[in-house]
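Engineer: One predicted model, sequence on top.
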Amino acid sequence: MQFSIWFVNYLLRHRRASIGELLSAWQRHSGLTMHRNTFRAQRAKAEDLFGINIEYDPATNTYGIEDPTLLEDDRLSKWMLGTFGAAEVLQRRRGLSGRIIVEPQAKGWEHLDTVTQAMAEGHRLRVTHRQFGSAESHSHIIAPWFVKQFRQRWYVIGPDESGSMRVMAFDRIERIETDDTTFTMPCGMTADTCFGDLYGVILGDGSTACTIRLKVTHGQGAYLITRPLHPSQRIISTDGSDITLEVHLRPTYDFMHEVLSLGDCAEILAPEDLRDEITGIIEAMLSIYRP
């Protein structure tokens, strides 16, 4: 896998390269020598890992990814490249462990294999789960429609035996096993149709999607331009001190608290009812701090 990740990243950066260029670059990168016959097998592994075709052009004697947009537009493939690529670099630089700081990984990631296997085979899951703030655990049988990572936590999302949608954080799962019953994904149901107008993982708070306009300082706006709040984000205007942005999504708890986390660097301009709701939260916060 180490070569596959490096290989695909190299082709994304350089677009095309000959086998001689690739093997020389790999040796400089890893300190390892690869035979040309081994390269052919590794090329096939890279294609299988990322679901791409790495074509050979006899006219230029070079290799390249047939359609790079398949990787650039696929969020999972981009995440895999970034995550595996970073892990490969850090593995080679373990001697710097006292100088490299990473965010702690949330517990529960070990459930990922069980959950995704059930998703692939269409089996429900029997899950014992304790919600945040709850003193008791509850057991449910759920159809694992989706898995989502949000703020370093993994979540499994799907309907339970009563049809209610459940959002379960992996690190709050006390017991999980595959159930004998099966499920079928609803026709047309995808991650985009379910989460396309959401920020975060909260689904059932009753909010509907709307166009939200917010004003941010230039410093915060520069950050949000490189790390958008939502795929729908667009710049409306900019002046000497502020940038005005628009997003189209459901103003859920997750979104409102993200806006509040920006402090006095962000202001909701519209819609008015959302601005009033944010104002109410801020006033409640002020009442805590006032003597």
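Structural biologist: Yes, it's here.
Engineer: Find the helix or strand that S139 is a member of.
Structural biologist: strand 138-142 (DSSP states H and E).
Engineer: measure the spatially closest residue to I278 that is not a sequence neighbour to S287 for me?
Structural biologist: Leaving aside its sequence neighbours, I278 sits nearest to I268 (C-beta to C-beta, 6 or more residues apart in numbering; 5.2 Å). (C-beta placed from N, C-alpha, C; glycine too.) Per C-beta to C-beta, to the nearest Å, I268 is found 20 Å from S287.
Engineer: Give me the domain ranges for the chain.
Structural biologist: Domain segmentation of the chain under automatic domain parsing yields 2-95, 109-186, 210-289.
Engineer: Tabulate those domains (JSON lines), appending mean neighbour count, mean pLDDT and distance to Y199.
Structural biologist: Output for the domains of the chain, formatted as JSON lines (neighbours: other C-beta atoms under 10 Å; pLDDT from 0 to 100; distance: least, C-beta to C-beta, whole Å):
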{"stretch": "domain 2-95", "mean neighbour count": "14", "mean pLDDT": "88", "distance to Y199": "15"}
{"stretch": "domain 109-186", "mean neighbour count": "16", "mean pLDDT": "93", "distance to Y199": "9"}
{"stretch": "domain 210-289", "mean neighbour count": "14", "mean pLDDT": "94", "distance to Y199": "4"}
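Engineer: Let me know the distance separating I173 from R151.
Structural biologist: Taking C-beta to C-beta, one finds I173 at 17 Å from R151.
Engineer: should've said S207
Structural biologist: 20 Å.
Engineer: Also R93?
Structural biologist: 26 Å.
Engineer: ditto for T181
Structural biologist: For T181 relative to R151 (C-beta to C-beta), the value is 32 Å.
Engineer: just checking, what packs against the helix or strand where F7 lies?
Structural biologist: In the assignment (DSSP H and E), F7 maps to helix 2-14. Judged by 3 or more C-beta pairs under 8 Å, 6 or more residues apart in numbering; DSSP states H and E, helix 2-14 is in contact with helix 19-30, helix 36-50, strand 62-65, helix 69-72, helix 75-92.
Engineer: how about these in CSV, adding distance to M119?
Structural biologist: Below are those laid out as CSV (distance: least, C-beta to C-beta, whole Å):
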stretch, distance to M119
helix 19-30, 34
helix 36-50, 19
strand 62-65, 27
helix 69-72, 22
helix 75-92, 13
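Engineer: of these, which approaches Q2 most closely?
Structural biologist: helix 75-92 (5.4 Å; C-beta to C-beta).
Engineer: ok and the closest one relative to helix 36-50, angle-wise?
Structural biologist: 130 degrees (axes from the mean of the first three to the mean of the last three C-alpha atoms, to 10 degrees).
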